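Colleague: Next one to model:
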Amino acid sequence: MSAISVSHLYKVFGRRPERGVTALQQGRSRAEIKEELGLTAAVVDVDFEIEPGEIFVVMGLSGSGKSTLIRMVNGLLTPTDGDVTLGDVNVTRAKGEELRRVRREKVSMVFQHFALLPHRTVGENAAYALEVQGVNRADRHRKAEEALEMVDLGGWGGYRPDELSGGMRQRVGLARALAAGSDILLMDEAFSALDPLIRRGMQDQLVDLQNRLDKTILFITHDLNEAMRLGDRIAMMRDGRIEQIGTAQEILNDPVNNYVASFVQDVDRSRVLTAADVLESPPAVIGRDSGPLAAQKLMREGQMRWLVVQGRDRRLVGMVEEGAVAQAVSERSESLPIIGPDQLAVAAPDTLLADMYTSASQNQGPVVVLDEQERVLGTVPLVTLLAAGGNPEVEPPAEDSPTTDGGGDTDPHEIYRPAQSETEEAR
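Modeller: Numbering: from 1, shown residues only. Okay, here's the model as predicted:
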């Protein structure tokens with residue numbers, strides 16, 4: 001069962017909004033229903049499922065509909081049409097006490113601007129969701145302290161929020177969500193108000209916590225690099241619709257249209273792509289007991305300068321280089337002139353390209369990619385490494401330009417514009 005299921009979701013603002021849904025379903029654009037009906041479509045036919053334990057990032061510019069979307073997921077806004085399901089509970093149809101129970105027990109929210117209670121201590125803020133749930137004082141104090149420890153704020157429970165830095169206050173908000181014990185975290189621009197260095201630290205901490213706690217996280221952001229760094233999958237939103245859903249690698253390597261391609265053009269690919277994404281199977285390998293003549297034959301047939309040497313268990317023994325092999329043949333040597341692993345650049349499959357550059361430049365031959373048993377998975381030649389880390393040229397958007405459809409998004413590269421509430425914009 002999916003942790004979160006969103007099915008054909010619409011949110012239209014204005015009088016008799018169902019008219020807007022019907023018009024959109026008939027193929028009318030946002031601009032047309034705005035002009036003809038006076039209605040503003042914030043979310044249009046959004047459909048996705050999030051699996052338990054997944055970090056699902058919704059990425060879009062201000063006005064794209066992402067904050068309206070998350071407010072419908074937690075029941076703060078009622079959809080004009082469509083359904084939101086959390087586990088086995090249909091949030092769209094839940095009313096009164098059932099909806100309040102869902103918010104108390106199933107979902108925790110982390111807001112952009114902390115949303116801490118200034119008259120309460122850090123510990124009391126961290127325990128607030130438990131207090132709402134009716135947990136006794138001793139238990140909620142214990143759980144709040146445990147949550148504060150998780151976010152590196154142990155010992156800060158007696159302080160007031162105004163005595164903490166912005167990054168620390170955001171960690172209190174995260175601790176409050178963790179203390180509640182819910183399986184689903186909704187994070188709406190949670191790190192956007194923080195300075196870049198603090199934001200990166202919070203991203204690292206979220207990844208570390210996720211590895212330990214395995215929560216289901218719906219994360220909203222307008223920062224593309226943040227989306228690429230955090231998301232198991234990313235939904236790219238534009239004008240209320242989802243343009244593409246995929247992993248960071250899928251969106252970078254196979255954008256669905258010019259809008260997405262232009263959006264991701266300036267991403268630092270070297271901090272998204274890994275060795276596994278660019279490795280090449282060696283055209284040939286050779287055993288450690290083979291001789292120089294056999295190596296030279298393989299190199300000539302495959303037009304290779306380097307040849308991987310491996311044992312019978314496929315573990316890396318080293319490499320041989322074309323010039324050294326030719327010299328060994330001329331000297332009638334029976335031994336391969338093997339360059340040992342300590343003189344080679346090696347990487348794990350999940351190593352980022354950015355972390356491979358230094359070793360690739362300082363060691364001999366291509367980067368060798370090894371699994372956990374040090375078996376050879378493939379190689380990454382230096383030319384491949386440099387090309388993969390660069391940004392490909394993208395043709396200017398044509399019919400699917402970011403400025404079409406009257407949505408108000410002017411430039412997909414304005415990823416650091418302060419986010420505004422889509423609800424406020426719609427009104």
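Colleague: Identify the residues contacting the residue nearest the centre of the chain.
Modeller: The C-alpha lying nearest the average C-alpha coordinate of the chain belongs to residue 231 (Cα atoms, centre = their mean; 1.7 Å). Residues near residue 231 by Cβ atoms under 8 Å, 6 or more residues apart in numbering: 55-57, 59, 219, 247-248. Any C-beta I mention is one placed from the backbone N, CA and C, and that applies to glycine too.
Colleague: Where do the strands of the stretch 201-350 of the chain begin and end?
Modeller: Ranges of strands within the stretch 201-350 of the chain are 216-221, 233-238, 241-246, 285-287, 306-310, 316-321, 344-347, based on DSSP state E, counting those that start in this stretch.
Colleague: Could you dump these into JSON lines and include distance to residue 24, mean pLDDT and mean neighbour count?
Modeller: JSON lines is the format used below for those (distance: least, Cβ to Cβ, whole Å; pLDDT from 0 to 100; neighbours: other Cβ atoms under 10 Å):
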{"stretch": "strand 216-221", "distance to residue 24": "22", "mean pLDDT": "95", "mean neighbour count": "25"}
{"stretch": "strand 233-238", "distance to residue 24": "15", "mean pLDDT": "96", "mean neighbour count": "24"}
{"stretch": "strand 241-246", "distance to residue 24": "10", "mean pLDDT": "96", "mean neighbour count": "20"}
{"stretch": "strand 285-287", "distance to residue 24": "57", "mean pLDDT": "92", "mean neighbour count": "18"}
{"stretch": "strand 306-310", "distance to residue 24": "56", "mean pLDDT": "93", "mean neighbour count": "22"}
{"stretch": "strand 316-321", "distance to residue 24": "57", "mean pLDDT": "94", "mean neighbour count": "22"}
{"stretch": "strand 344-347", "distance to residue 24": "48", "mean pLDDT": "94", "mean neighbour count": "22"}
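Colleague: Let's have the ones you listed in TSV, adding distance to residue 134.
Modeller: TSV is the format used below for the strands of the stretch 201-350 of the chain (distance: least, Cβ to Cβ, whole Å):
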stretch	distance to residue 134
strand 216-221	24
strand 233-238	36
strand 241-246	38
strand 285-287	64
strand 306-310	62
strand 316-321	59
strand 344-347	51
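Colleague: Check the gap between residue 46 and residue 79 for me.
Modeller: 10 Å (Cβ to Cβ, to the nearest Å).
Colleague: which neighbours do those two share?
Modeller: In contact with both residue 46 and residue 79: 9-10, using Cβ under 8 Å, 6+ apart.
Colleague: Low-confidence ranges, the stretch 151-300 of the chain, go.
Modeller: Within the stretch 151-300 of the chain, no range satisfies pLDDT under 70.
Colleague: thinking residue 51 is in contact with residue 3, fair?
Modeller: Yes. Counting by Cβ atoms under 8 Å, residue 3 is a contact partner of residue 51 at 6.4 Å.
Colleague: so what sits against both of these two?
Modeller: In contact with both residue 51 and residue 3: residue 216, using Cβ under 8 Å, 6+ apart.
Colleague: Those two: which is more packed in?
Modeller: More crowded of residue 51 and residue 3, by other Cβ atoms under 10 Å: residue 3, with 21 against 13.
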